[in-house]
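J.: Give me a model of this one.
(chains A and B)
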There are 2 protein chains.
Amino acid sequence: MSTELFYEDFHVGQVFASAPARMERDRLVQFGAEFDPQPQHLDEEQAKGSMFGTLVASGWHTASLSMRLQLEAMMNRIPGGAMGAQVEQLAWRHPVHPGDDLRARIEVTAMRESRSRPNRGLLTLRTTTLNQDNRIVMEMIAAVLVPRRAPSC
Amino acid sequence: MSTELFYEDFHVGQVFASAPARMERDRLVQFGAEFDPQPQHLDEEQAKGSMFGTLVASGWHTASLSMRLQLEAMMNRIPGGAMGAQVEQLAWRHPVHPGDDLRARIEVTAMRESRSRPNRGLLTLRTTTLNQDNRIVMEMIAAVLVPRRAPSC
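T.: Just a heads-up that it's a prediction; the model follows:
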């Protein structure tokens, strides 16, 4: 396990990156059948008649995989995890296809101490999920609470 | 299949509701292990030491299940599906536990014709996901493009 990350370890402009993870074809259609049964997520044949014309991942599959990539990039180093997350924007910019290799890039865009919880700080994170061609497939802005270091007095 | 829904069939204040779907315990931990491996999503024992103190669903599992509920409530009646969705807010208000029965309520909060695409209209939808105690577990505001009826001239 890498070093723990407290509020004091972050700064605006800081960037974290994950390793890539593959969007496997079979998992893509399983996820589609369970959570997002629209023609473009079910199989190649049905996808032909959809607005995409080809099989693409559910946006919620990309978002869920991006959660894991965010944990790997840095969130699993925050003691107790990133609490009270609230998403302020979530947009799917480009389709994700079977076999795509996705990775997450997380930038700290703002930070402030919490008024209501003196032992926590609030980070604004901009997460972009990119494919193997460096194309942004998903973009998310989220606010998360992270713990502050105990004061050494 | 129910009647198709075009832009002209919507109005501000209109509400659609889904039937409930159960958040099964085994599926909850499978999803957690694959996409959101934090102690509170992995098993009862590890969850005890988490900030929740008990097993809870990943927020992305709740969001993915809510996608299916939204399709069932009305989105699968939109010809070609709800295109170009962009989420403007997504917040998890209350934990989802194993065995919870979730349902979606979708309210049309705004609508306008698309300037760039004359054959489409833009809806703003507020989706709340509720549990069996009528408690809001998730709230989402999203903008989606839907087709307009062909003019009869």
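
J.: And the helix or strand of chain A with the lowest mean pLDDT, what does it pack against?
T.: Within chain A, no helix or strand scores below strand A:83-92, which has a mean of 89 by mean pLDDT, DSSP states H and E. When contacts are defined as 3 or more C-beta pairs under 8 Å, 6 or more residues apart in numbering or on different chains; DSSP states H and E, strand A:83-92 packs onto helix A:59-73, strand A:136-147, strand B:83-92. Quick note: C-beta positions are derived from backbone N, CA and C, even for glycine.

J.: So what angle separates the directions of that strand and helix A:59-73?
T.: Angle, strand A:83-92 to helix A:59-73, by axes from the mean of the first three to the mean of the last three C-alpha atoms, to 10 degrees: 130 degrees.

J.: Give me the buried positions along strand A:83-92.
T.: Of the residues in strand A:83-92, A:84, A:85, A:86, A:87, A:88, A:90, A:91, A:92 count as buried by neighbour count, 16 or more other C-beta atoms under 10 Å in any protein chain shown.

J.: and the helix or strand harbouring residue A:46, how far from the chain's centre?
T.: Under the criterion of DSSP states H and E, residue A:46 resides in helix A:44-48. Relative to its parent chain, helix A:44-48 has a centroid offset of 27 Å by C-alpha atoms, centre = their mean, to the nearest Å.

J.: Need the winner for burial among the helices and strands packed on strand A:83-92.
T.: Among those, ranked by average contacts under mean count of other C-beta atoms under 10 Å in any protein chain shown, first place goes to helix A:59-73 (a mean of 23).

J.: right, is it up against chain B?
T.: Yes - using C-beta under 8 Å from any C-beta of the partner chain, a contact is recorded between helix A:59-73 and chain B, made by A:59, A:60, A:61, A:63, A:64, A:65, A:67, A:68, A:71.

J.: Surely the fifth one touches residue B:67?
T.: I take that to be residue A:64. No - using C-beta atoms under 8 Å, residue A:64 is not in contact with residue B:67, being 10.7 Å away.

J.: Out of the helices and strands packed on strand A:83-92, name the one with the poorest average pLDDT.
T.: Mean pLDDT across the helices and strands packed on strand A:83-92 is lowest at strand B:83-92; the value there is a mean of 88.

J.: Distance from the strand or helix carrying residue A:122 to the middle of the chain?
T.: For residue A:122, the element it lies in under DSSP H and E is strand A:120-130. Its chain's C-alpha centre and that of strand A:120-130 lie 9 Å apart, by C-alpha atoms, centre = their mean.

J.: I'd like to check what contacts it. Which residues are they?
T.: Outside strand A:120-130, the residues that touch it by C-beta atoms under 8 Å, 6 or more residues apart in numbering or on different chains are A:7, A:10, A:62, A:65-66, A:69-70, A:82-83, A:88, A:102-114, A:136-148.

J.: now do 7 Å
T.: A:7, A:10, A:62, A:66, A:70, A:102-114, A:136-148 (C-beta atoms under 7 Å, 6 or more residues apart in numbering or on different chains).

J.: Please apply the same query to stretch A:104-111.
T.: Stretch A:104-111 has contacts (C-beta under 7 Å, 6+ apart) with A:10-18, A:66, A:69-70, A:73-74, A:121-130.

J.: so where does residue A:110 fall, helix or strand?
T.: strand A:101-113.

J.: relative orientation of that strand and strand A:136-147 in degrees?
T.: 40 degrees.

J.: Can you point out the buried residues in strand A:101-113?
T.: A:102, A:103, A:104, A:105, A:106, A:107, A:108, A:111.
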